[in-house]
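# I would like the atomic coordinates for the input below:
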Amino acid sequence: MIRYYSPTEINRDRWDKLIAASVNSLPYACTWYLDAIHGDQWGALIEDDYTLVMPIPEKSKWAIAYLSTPLFIQQLGIFSEVPVEESKTQSFLNELKTKFSYIDFNVNYGNPIESDTLFTTNQRTNLILPIPEDRTLIRNSFSENLLRNIQKAEKLKLYYGTCSVRSVINLFSENKAATLPNWNEKNYIVLERLFHMASLRGFARSMGMYSQKHELLCGAIFMEWNGRSIFLFSGNSEEGKESGAMAYLIYQYILDAPTGTKIFDFEGSDNPGLKRFYESFGAIEQNYIHLKHNSLPFYMRWLKS
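Numbers count the residues shown, from 1 in each chain. Prediction:
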């Protein structure tokens, strides 16, 4: 039986143990991650005795509850220690529809969706790179163009090192944020809170690539959890783009990733240019589904169209 649990009813220790043991394990579903993004007010759908769980980061507007995927969380959905069956996914989705009039939500790569679902569905692209035990072999999967960019950075003697989260944010803000009109300082504050909560637990690092003049050319925040390293957020300067700094940063990070890391997760992308860049490392698709459902009263539907 599937039941909705309020924030105070969730056994957080049992929850995190299940997420860690899940066949489709992702850090986005951990209690500390959800707290950092959504506060401690998220609920959940749970079947039986924590056999299957689905975090619910619900919101409300004008007294109407709705469900959307928060920023800095790529995929949520159902988590389980055994593969999730289509019928189970459908049962959870039916529960969502009884609770929310508006849903704009990503379920994870391990949640198969029946073709006759009443949701509008769209496949989203995610690319992952399996990391061999001998990491020096990873370069064998790189495209010729990627290798040229790495060689360019090597000739310029760029060097890899730690950097602050705020310095990565500044690079992003100065070189990318202008193309994203909805970005604001609140987003950066959430990102910093998430990073600090993760790094205190040993699950995140902020790394950069520097010029010989000690200038930060590009930087990235990596989420390191349960054998999976996620390319969560990055910033790149014009000089960084010209010097191949980001390609070199990702390569150096893969060599430096924690022992036991088996997957480098690029966290995207549907953008054709980024997709080609990620594929140039030898990355393969591990896609997920975006769901949309709108049963708001007709006079309110335009608010979420």
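# For Phe231, see how far away the closest residue to Pro7 other than its chain neighbours is.
Once flanking residues are discounted, Pro7 sits nearest to Gln41: 5.4 Å by Cβ to Cβ, 6 or more residues apart in numbering. C-beta here means a position set from N, CA and C on the backbone, and glycine is covered the same way. Taking Cβ to Cβ, to the nearest Å as the measure, Gln41 falls 28 Å from Phe231.
# Same drill for these two, tell me which one is more crowded.
Phe231 (20 against 13; other Cβ atoms under 10 Å).
# which SS state does the more buried one fall under?
Put simply, Phe231 is strand when judged by DSSP: H, G, I helix; E, B strand; the rest coil.
# Surely it and Phe266 touch.
Yes - using Cβ atoms under 8 Å, Phe231 is in contact with Phe266, at 5.2 Å.
# can you list the weak-confidence ranges in the chain?
116, 297-305 (pLDDT under 70).
# Report the residue ranges of every domain in it.
Annotated domains of the chain cover 2-124+288-304, 127-285 [automatic domain parsing].
# Report how many residues lie close to the residue nearest to Arg201 when sequence neighbours are not counted.
Leaving aside its chain neighbours, Arg201 sits nearest to Trp32 (6.6 Å; criterion: Cβ to Cβ, 6+ apart). Trp32 sits with 17 neighbouring residues when counted by other Cβ under 10 Å.
# likewise Lys213?
Lys213, neighbours per other Cβ under 10 Å, totals 6.
# check contacts around it.
With contact set as Cβ atoms under 8 Å, 6 or more residues apart in numbering, Lys213 has no partners.
# again with Lys176
Gly235, Asn236.
# could you pull out the helices for this protein?
Assigned by DSSP state H, the chain shows helices spanning 12-21, 31-38, 86-99, 144-155, 165-175, 185-200, 238-243, 245-256, 272-279.
# so how many other residues sit close to the residue nearest to Glu192 when sequence neighbours are not counted?
What sits nearest to Glu192 in space, not counting adjacent residues and going by Cβ to Cβ, 6+ apart, is Val165, at 5.4 Å. Counted by other Cβ under 10 Å, the residues lying close to Val165 total 19.
# Distance of Val165 relative to Phe195?
Val165 is 5 Å from Phe195, by Cβ to Cβ.
# anything in contact with each of the two?
Common neighbours of Val165 and Phe195 (Cβ under 8 Å, 6+ apart) are Ser206, Ile221.
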